[in-house]
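Q: Could you look at this predicted model? Sequence included:
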Amino acid sequence: MFEYVIAWIVALGCGIVSAIIGIGGGFFFVPTLTVLFHLDLRTAMGTSCAVIVFTSLSASFWFSRQQKILYRIALVIIPPAVICTILGSFAAHLIDTRILIFIFSCALIMISLEMLVPAFRFLVGITRGPSFVLSIAVPVQGTQAVTRIPYLHLIVWGAAGGFVGGITGTSGGVIFVPALATLGIPFIYAVATSMFTVIAIGVAGTATHAALDSVSVPYVLVYGTGAALGACLGTAVAARVRDIHIRQIFGFLLLAMAALLIAGLFL
């Protein structure tokens with residue numbers, strides 16, 4: 001029982017941070033489940049996918065009340081993301097995860113540099129093909145028109161985020177948020193839209209890992225309730241934090257995650 005209380009508190013903190021930066025929480029759930037509570041990696045990944053559903057549902061509910069979710073963008077991202085989440089989840093059971101974790105850690109470092117160094121670009125904009133116009137109401141600046149949102153950009157990075165989410169047991173938000181920000185979308189809208197998109201990815205990942213018998217139901221319930229409450233609190237904080245500060249938090253946390261993942265390969 002004491003272990004579950006600690007797990008709930010850990011999940012609460014993870015949920016708060018996840019909602020602020022829009023990544024669903026998997027990058028916190030997987031390491032803490034393996035290091036602190038000794039779940040094997042694949043079970044931690046499957047459990048993380050299920051907990052992400054709790055976190056993203058809670059955060060999306062509150063972000064929707066703040067009118068921060070860009071539903072049209074999310075509906076384009078979700079189909080390729082879900083398909084690639086399923087593929088990634090199966091791949092996680094077939095490929096040496098140490099190799100994948102190392103490659104992904106390097107990608108995390110590149111994305112963090114994009115968030116922290118304005119001149120650096122890793123997730124490039126894909127501008128070819130059909131697009132649509134999107135107007136976003138920004139309370140401080142008035143109405144900002146994002147004139148061109150290319151469908152191909154959303155499809156490609158949606159697929160990439162889904163595969164990453166499936167193969168690592170995370171959410172793909174680490175790809176979605178910077179990919180949307182690259183288009184000029186204000187960071188708080190990118191965070192909110194990412195969290196809404198992550199609902200579908202979490203469901204797809206959970207179903208796949210459950211079919212492979214790699215989900216811990218007790219930890220889903222404990223982590224899920226703690227993370228859901230944390231996500232609720234995190235959305236309130238995110239609405240009061242400036243875009244530049246969210247970008248900085250996002251960047252530094254990605255660096256920390258990369259370091260934690262790489263360290264885990266040698267422990």
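A: Here it is on my side, so go on.
Q: Please, which helix or strand holds the nearest residue to Leu212 once chain neighbours are set aside?
A: Nearest residue to Leu212, sequence neighbours excluded (C-beta to C-beta, 6 or more residues apart in numbering): His93, at 5.8 Å. (Each C-beta comes from the backbone N, C-alpha and C, glycine too.) His93 belongs to no helix or strand when elements are defined using DSSP states H and E.
Q: ok, Arg128 - how many residues close by?
A: Using other C-beta atoms under 10 Å as the criterion, Arg128 is surrounded by 9 other residues.
Q: Now the phi/psi pair for it, please.
A: phi -80, psi 160 (degrees, to the nearest 10).
Q: Do I have it right that it meets Arg148?
A: No. With contact defined as C-beta atoms under 8 Å, Arg128 does not reach Arg148; the gap is 11.0 Å.
Q: got any ranges where the stretch 51-200 of the chain has weak pLDDT?
A: Where the stretch 51-200 of the chain drops to pLDDT under 70, the residues are 97, 100, 118-122, 137-147.
Q: tell me the helices in it, going along the chain?
A: Assigned by DSSP state H, counting those that start in this stretch, the helices in the stretch 51-200 of the chain fall at 71-91, 97-116, 151-168, 173-182, 187-211.
Q: next one: the last one to chain centre, how far?
A: Think helix 187-211. 7 Å (C-alpha atoms, centre = their mean, to the nearest Å).
Q: how about the helix or strand just after it: buried residues?
A: Next helix or strand after helix 187-211 toward the C-terminus (DSSP H and E): helix 217-238. For helix 217-238, the neighbour count (16 or more other C-beta atoms under 10 Å) marks 219-235, 238 as buried.
Q: Report the mean per-residue pLDDT for helix 217-238.
A: The pLDDT scores in helix 217-238 average 88.
Q: Could you identify the helix or strand that succeeds it?
A: helix 243-266.
Q: Quick one: work out the angle between that next one and helix 187-211.
A: 30 degrees (axes from the mean of the first three to the mean of the last three C-alpha atoms, to 10 degrees).
Q: Report the rounded mean pLDDT for helix 243-266.
A: For helix 243-266, the per-residue pLDDT averages 76.
Q: Next, the buried residues of it.
A: 243, 246-247, 249-251, 253-255, 257-258, 260-262, 264.
Q: now do stretch 18-32
A: Neighbour-count burial for stretch 18-32 [16+ other C-beta under 10 Å]: 18-32.
Q: now it, how far from the chain's geometric center?
A: 7 Å.
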